[in-house]
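Novice: With the input below, show me the fold.
(2 chains)
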Amino acid sequence: EDQVTQSPEALRLQEGESSSLNCSYTVSGLRGLFWYRQDPGKGPEFLFTLYSAGEEKEKERLKATLTKKESFLHITAPKPEDSATYLCAFKGAGGSYIPTFGRGTSLIVHP
Amino acid sequence: GAGVSQSPSNKVTEKGKDVELRCDPISGHTALYWYRQSLGQGLEFLIYFQGNSAPDKSGLPSDRFSAERTGGSVSTLTIQRTQQEDSAVYLCASSPLAIGTDTQYFGPGTRLTVL
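Specialist: The predicted structure is shown next:
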């Protein structure tokens, strides 16, 4: 059964303290790995899609990387406005168009 | 451009009542998904529509839940005889599902509270 695990469940950082969030998955073939940001009371907001191992994408202070078994979301010099829950999801190569979501990492950045 | 919209944003109902939740996807997106998110939980897949194909209903938790999509656009999720455990945020997402662009775009959700 395809599974995705995110760690840590919660992360507290000081402003400017860089860190990484992990998303590991077990799937026979990957068709896409997705990162989303979700603010309280809102729907998930799309950040990145990665399709192959070695691929990297950046947006402001965020950088997503992908290997064959995991993805990292690196946050460089975070600011309080980066506080949110970060979700990852993947689609396996089995033909299903339904992505599997992780439970998310709740990030709090203190000023 | 316009994103995915959902209505109502909040719905409070009494146990046993029926509710209808609406989703307007991004124009031109052929795929539409419904999810449920309970407090502190991940996204639970409910149902998936793709074009004119039969919907994938494998995630619906009981026969009290149903959904339809009219004209390949607007979708309605109906919950009959609501129970307290149905309280959650119901999220809708749409996707163009073209190669290389199968990212989902989510609406703001409908928060359902069953008293």
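
Novice: how about B:P96, what does it touch?
Specialist: Counting by CB atoms under 8 Å, 6 or more residues apart in numbering or on different chains, B:P96 makes contact with B:I26, B:G28, B:H29, B:T30, B:A31, B:D102. (Each C-beta comes from the backbone N, C-alpha and C, glycine too.)

Novice: Go through these and flag which are in helices.
Specialist: With helices defined by DSSP state H, no entry of the contacts of B:P96 lies inside them.

Novice: Narrow those to just the buried residues.
Specialist: B:I26, B:H29, B:T30, B:A31, B:D102 (16 or more other CB atoms under 10 Å in any protein chain shown).

Novice: Dig out what the fourth one forms beta bridges with.
Specialist: Partner residues in beta bridges with B:A31, using DSSP bridges, are B:Q50, B:S95.

Novice: tell me the least confident of the contacts of B:P96?
Specialist: pLDDT across those is lowest for B:D102, at 71.

Novice: so that residue makes contact with B:S95?
Specialist: Yes. Using CB atoms under 8 Å, B:D102 is in contact with B:S95, at 5.5 Å.

Novice: what is in contact with those two at once?
Specialist: With CB under 8 Å, 6+ apart as the test, B:D102 and B:S95 both reach A:Y97, B:A31.

Novice: circling back to that earlier point, can you convert the contacts of B:P96 into JSON lines and add a column each for distance to B:L39?
Specialist: JSON lines is the format used below for the contacts of B:P96 (distance: CB to CB, whole Å):
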{"residue": "B:I26", "distance to B:L39": "28"}
{"residue": "B:G28", "distance to B:L39": "34"}
{"residue": "B:H29", "distance to B:L39": "28"}
{"residue": "B:T30", "distance to B:L39": "32"}
{"residue": "B:A31", "distance to B:L39": "27"}
{"residue": "B:D102", "distance to B:L39": "29"}
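
Novice: what residues does chain B put near chain A?
Specialist: Contact residues (CB under 8 Å from any CB of the partner chain) of chain B with chain A: B:4, B:31, B:33, B:41-43, B:45, B:48, B:50, B:56, B:59, B:91, B:93, B:95, B:97, B:100, B:102-109, B:111.

Novice: Just the ones of the residues you listed in strands?
Specialist: B:A31, B:Y33, B:L43, B:F45, B:Y48, B:Q50, B:L91, B:A93, B:S95, B:Y105, B:F106, B:R111 (DSSP state E).

Novice: If the fourth one is in a bridge, with which residues?
Specialist: The reference is to B:F45. Beta-bridge partners, per DSSP bridges, of B:F45: B:Y35.

Novice: now the closest residue to chain A within chain B: how far from A:G16?
Specialist: Using CB to the nearest CB, the closest approach of chain B to chain A is made by B:F106 at 3.6 Å. Distance of B:F106 to A:G16, computed by CB to CB, to the nearest Å: 30 Å.

Novice: wait, what's in contact with residue 22?
Specialist: Because you didn't say which chain, this covers chain A. A:N22 is in contact with A:Q6, A:S7, A:P8, A:E70, A:S71, A:F72, counting by CB under 8 Å, 6+ apart.

Novice: Not quite, go with chain B.
Specialist: B:Q6, B:S7, B:V74, B:S75, B:T76.

Novice: Leaving out chain neighbours, which residue sits closest to the first one?
Specialist: Put plainly, it is B:Q6. Spatial nearest neighbour of B:Q6, chain neighbours left out: B:G107 (4.0 Å); criterion: CB to CB, 6 or more residues apart in numbering or on different chains.

Novice: what's the answer for the third one, then?
Specialist: For B:V74, the nearest residue in space outside its immediate sequence neighbours is B:D24; the separation is 5.5 Å by CB to CB, 6+ apart.

Novice: That's all I had, so thanks and see you.
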